[in-house]
Structure formats: C-alpha cells, structure tokens
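J.: starting from these lines, generate the structure:
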Amino acid sequence: MNLIEPHRFTPFEAGSPTSVTLPGLHRSTHVDVMRITLGLVLAHSHFSPAIRHDDDIRRPEDQLILAFNLSGRMLLIDPQGGAHEISGGEGWIIRSGGRRLQRIVEKGDGCSNLVIALTVSRLSPALTGILEPLLPQAAPFRRLRLPVPGKSMLETLLDGRTDPAALLRKEGQCLALIGHALEELAAAPDHDMDDQGLLIARVTAFLSENLGNPITMSQIAHEAGMSHVTLNQIWRAATGMTVFGHLRCLRLDAAERMIRHTDRSFTEIAGECGFSDASHLSNAFRKRHNMTASDWRRQAGRKS
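T.: Numbering: from 1, shown residues only. Here you go, the predicted model:
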C-alpha cells in the first residue's frame, strides 16, 4: 500500500501549478495542485474508475481540509477504523492531525474532489480556539450541509490562471468557503442539543450507507462525535427508540422495498440488508407484520 503525502509534491512557490500522477498509476489518475499562498493550497483530484485505489494518505498535523465531492465516491478510514464516504456532491471538513488515513476508491466508481488545504496556524487566534471543540481528535471528520461550489465558482477556481490578481481572487474564494464551513460548525455542532435534526439526519445517513455491514455502537458514536451513552439518550428523547432500534427499522424498510420490487432470494436480501440469514429476516417480518417474509411477498404481489 502506497503512502501518499500531498505536501511533498505541492509546489512551494505561490502561483506554480503542477499536475501530479500518483505512483505507479496511469495519468488518468492525477491531482492538479496549486499553492495560492504560503498557507493555502487548492487541489483537484481525479481517480480513474478503471482500477481500485487503496492508499494511505498523511497530511501535516497543522492542516485543515475542506473537501467537496464533484463525482463518484471515495472512502476515508480514520485511525480508529471509522469509515467516512465522500460522495453525493457533499462537503466535508477534516482535521487529520498528521495521522494516516486509508483512502479507497472502488473500481467502477472513480472519484473527483475539490480540496482546499489551510494551515491552521495562519488562522486568527479566535478561529483557532474554536477548532478543538468543533473538530476534536476523537471526531476529526464532519459532513457539511454546505453545498459544492457552483459551476461558475468551480470554473474560476480551476481556470489555471496564476497572475497576482487571480491568486488574490482565488484566495478570497477559498477563504469564503472555509468561513462558511466554520460558521456552520459553530452554529450547529453535533453535541448541540438544540439541533437534534442535524444529528439524526447525519447518523441516519451513516446507518443507511452501512445497512449490510456489521456495525458497532462505538462506530456509530464515533461518527456522531460523542459517547454512545449521550447519543442514545439524545436519540431516545427525539425518536422514542434506541439507535440500534432505528437501524433495525432501516434494515427492515430496505428489505421490504427489495422484496416488493425484485425477485431476489430471501438469502440475498437478508445479506444485503444486514440480517444474519433468511430466517432472521423472516422473524423480523413476523414481528412487524404478523406474517413471514414469504407471506408478505405474496400479499404485496397481489396488491401490485
């Protein structure tokens, strides 16, 4: 597995763009990178769907990352084993703290991201002071509601211009995006009990992405950035059930859709939706509908 350290191939001088082909790969997998100022770097990464990419990536400890997914999807696995999917046009803010992250892009997916890297020490003391509670070492990843920059901004950020006026404009655009991200974090941190909707939506998205995978409460709590006790307390107060109760409902909802709309076997559906086997799936149907999964499929077929 390759260890990629982006700061080692980032140009030192501002306004010196370069395109880097990752080790051992075709030029269709590359990163276009440019230093805008001493503490601000802009990169546009391209990962070909022709192969599977599996690398370790390590950034400087004093670096804050703002990443926007432009196409495809990428999985980042943190040192605690938590998986974070960069996909769906989402924005993420990441503070890796100099630790290794595993980066996976599956064959057939490919991925393209816009990445802004900022040296934290160049922030004002006031901003630096809020980063630790907002992005603590135990939860350095945060999915943002901040949308991917619009087409016109992307075109101007990636226009290749390096004259002083263009660099000043790009600096302003990048700092504005970072400012919006920090405003969002400060306004709605995950531990803020007044914004339970954001927490529930974020954890629900994480659960939905992992329906077929074995998952532990510690993984879910890590994604939420809080202890499992606090998370379950908030969850039960807001929904009347535990997080795992919600997960069981999501898995059964997904199984119902597959049973109604496909002819796949119950064994296949059970595996894809996180049930241990077809018998476990059927028992879950019996508890919810007072009938087996087979009976439910026959009844659903008659209704359709």
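J.: ok, residues contacting the strand or helix carrying Glu85?
T.: Using DSSP states H and E, Glu85 sits within strand 83-87. If you take Cβ atoms under 8 Å, 6 or more residues apart in numbering as the criterion, strand 83-87 is touched by 67, 69, 72-78, 92, 111, 113, 141, 143, 209-210, 219, 223. For the C-beta atoms, the positions are set from N, CA and C on the backbone; glycine is no exception.
J.: mind doing that once more with 6 Å?
T.: For strand 83-87, the surrounding residues in contact (Cβ atoms under 6 Å, 6 or more residues apart in numbering) are 69, 73-77, 92, 141, 209.
J.: give me the next element, helix or strand, following that strand.
T.: Sequence order places strand 91-94 as the next helix or strand after strand 83-87, per DSSP H and E.
J.: direction included, what does the next helix or strand after that following strand pair up with?
T.: As assigned by DSSP H and E, the chain's next helix or strand after strand 91-94 is strand 101-105. Strand 101-105 sits in its sheet next to strand 53-57 (antiparallel), strand 63-77 (antiparallel), going by DSSP bridges.
J.: least reliable of these by average pLDDT, please.
T.: The weakest mean pLDDT among these belongs to strand 53-57, with a mean of 87.
J.: CA atoms of it as PDB?
T.: This file holds the C-alpha atoms of strand 53-57, laid out as PDB (Å, rounded to 0.1, in the frame of the first residue of the first chain):
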ATOM      1  CA  HIS A  53      -7.300   2.700  -5.500                       C
ATOM      2  CA  ASP A  54      -6.200   1.800  -2.000                       C
ATOM      3  CA  ASP A  55      -3.600   4.100  -0.400                       C
ATOM      4  CA  ASP A  56      -2.600   5.600   2.900                       C
ATOM      5  CA  ILE A  57      -2.600   9.400   3.000                       C
END
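J.: buried residues, stretch 32-51. List them.
T.: Buried positions in stretch 32-51, judged by neighbour count with 16 or more other Cβ atoms under 10 Å: 33-37, 39-49, 51.
J.: typo on my end, stretch 218-231
T.: For stretch 218-231, burial by neighbour count (16+ other Cβ under 10 Å) applies to 219-226, 228, 231.
J.: so for it, first residue to last residue, what's the gap.
T.: In stretch 218-231, first residue to last residue: 10 Å (Cα to Cα, to the nearest Å).
J.: just how off-centre is it within its chain?
T.: Stretch 218-231 sits 16 Å away from the centroid of its parent chain (Cα atoms, centre = their mean, to the nearest Å).
J.: can you list which of the buried residues of stretch 32-51 are found in strands?
T.: Within the buried residues of stretch 32-51, residues falling in strands by DSSP state E are 33-37, 40-47.
J.: tell me which two in those residues are the farthest apart.
T.: Within those, Thr37 and Phe47 form the most distant pair, 26.8 Å apart (Cβ to Cβ).
J.: the residue lying closest to Cys111 once chain neighbours are set aside and Asp109, how far apart?
T.: Leaving aside its chain neighbours, Cys111 sits nearest to Gly72 (3.7 Å; criterion: Cβ to Cβ, 6 or more residues apart in numbering). Using Cβ to Cβ, to the nearest Å, we find Gly72 at a distance of 5 Å from Asp109.
J.: for this structure, which spans come out with low pLDDT?
T.: For the chain, the stretches with pLDDT under 70 are 1, 22-27, 80, 137-138, 188-198, 300-304.
J.: for it, which segments count as helices?
T.: 125-134, 151-157, 164-187, 196-209, 217-224, 228-239, 243-261, 266-272, 278-289, 293-303 (DSSP state H).
J.: mind putting those helices into CSV with distance to Ser96?
T.: As requested, the helices of the chain are exported to CSV (distance: least, Cβ to Cβ, whole Å):
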stretch, distance to Ser96
helix 125-134, 13
helix 151-157, 23
helix 164-187, 16
helix 196-209, 19
helix 217-224, 15
helix 228-239, 23
helix 243-261, 26
helix 266-272, 32
helix 278-289, 38
helix 293-303, 43
